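Q: sharing a model prediction with you, sequence too.
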Amino acid sequence: MPDNLQDFKNQPMKETTLFRAYSERKPNGKIQLYLQTHEQVEEFFKTEETDQSNEWEDGDGYHQFYKRQYEKHGDSELADYFSDKHDKFGVSYINNGKINLALLRTVGISNGIEFEIPASYSEETLTEAVDTLRQVTEEIYKKFIRPVKIKSKSELEN
């Protein structure tokens, strides 16, 4: 395991890795969270419309994010999947024990992005939340991204 965030960022992500994360508490108490996903995950969330957060900082400014391509409580399998999950860009990172899945809609996540997490989050809470984010990324990949091969055959009898 790398000794610090910079060492982690300098290690290239393996082609077969879907999600990776690293966090580090800074001297000011804030936690620097680094997230990176496979490019297929970013492509899945990518929309033509983006917006800028006025809350989530990256150290140099505020993150851009892809607008949702589904409406919560809509009539699609994707909407059903996200209907009970915390997915609102720019609000609390963790709400009622649920990680904000909007982190996955951040522009540039496949190249790696950083978030400045408030010092009020404990390392235990953040560790659990990031593990949930990893699990959700794997579920999204399996349910909605992974290539599906369907074979069908029909024969007409005369």
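A: Perfect, I can see it now.
Q: show me the contacts for the residue nearest the centre of the chain.
A: Central residue of the chain (CA atoms, centre = their mean): L104, 2.3 Å from the mean position. Shown in contact with L104 (CB atoms under 8 Å, 6 or more residues apart in numbering): 37, 41, 45, 133, 136-137, 140. From N, CA and C alone the C-beta is placed, and that goes for glycine too.
Q: what about 10 Å?
A: L104 makes contacts with 19, 35, 37, 41-42, 44-45, 65-66, 87, 133, 136-137, 140, as judged by CB atoms under 10 Å, 6 or more residues apart in numbering.
Q: same thing with L103?
A: 21, 33, 35, 37, 56, 63, 65, 87, 89, 93, 109, 113, 115, 129-130, 133, 136-137.
Q: mind listing which of those residues are in helices?
A: Mapping these onto helices (DSSP state H) picks out 129-130, 133, 136-137.
Q: and R146, what pLDDT?
A: Model confidence at R146, given as pLDDT, is 86.
Q: cool, and K85?
A: So, for K85, pLDDT stands at 85.
Q: ok, N54 next?
A: For N54, the pLDDT comes out at 87.
Q: who are the packing partners of the strand or helix carrying it?
A: Using DSSP states H and E, N54 falls within strand 50-57. Judged by 3 or more CB pairs under 10 Å, 6 or more residues apart in numbering; DSSP states H and E, strand 50-57 is in contact with strand 62-66, strand 113-117.
Q: quick check, the residue nearest to the centre of the chain in a helix?
A: Yes - looking at L104 with DSSP: H, G, I helix; E, B strand; the rest coil, it is inside a helix.
Q: against V148, how distant is it?
A: 21 Å (CB to CB, to the nearest Å).
Q: repeat for Q52
A: Going from Q52 to V148 by CB to CB gives 35 Å.
Q: who's more crowded, these two?
A: Neighbours per residue, other CB atoms under 10 Å: of Q52 and V148, the larger number sits with Q52, 13 against 6.
Q: ok, now which ones touch that one?
A: Taking CB under 10 Å, 6+ apart, we find Q52 in contact with 61-65, 89-90, 107.
Q: now, of those, which are buried?
A: 63-65, 89, 107 (16 or more other CB atoms under 10 Å).
Q: could you report the pLDDT at the residue nearest to the centre of the chain?
A: pLDDT, L104: 94.
Q: need the contacts of L104 in CSV with distance to T125, can you?
A: Converted to CSV, the contacts of L104 look like this (distance: CB to CB, whole Å):
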residue, distance to T125
F19, 19
L35, 16
T37, 21
V41, 23
E42, 26
F44, 27
F45, 24
F65, 23
Y66, 26
D87, 19
L133, 13
V136, 16
T137, 19
I140, 22
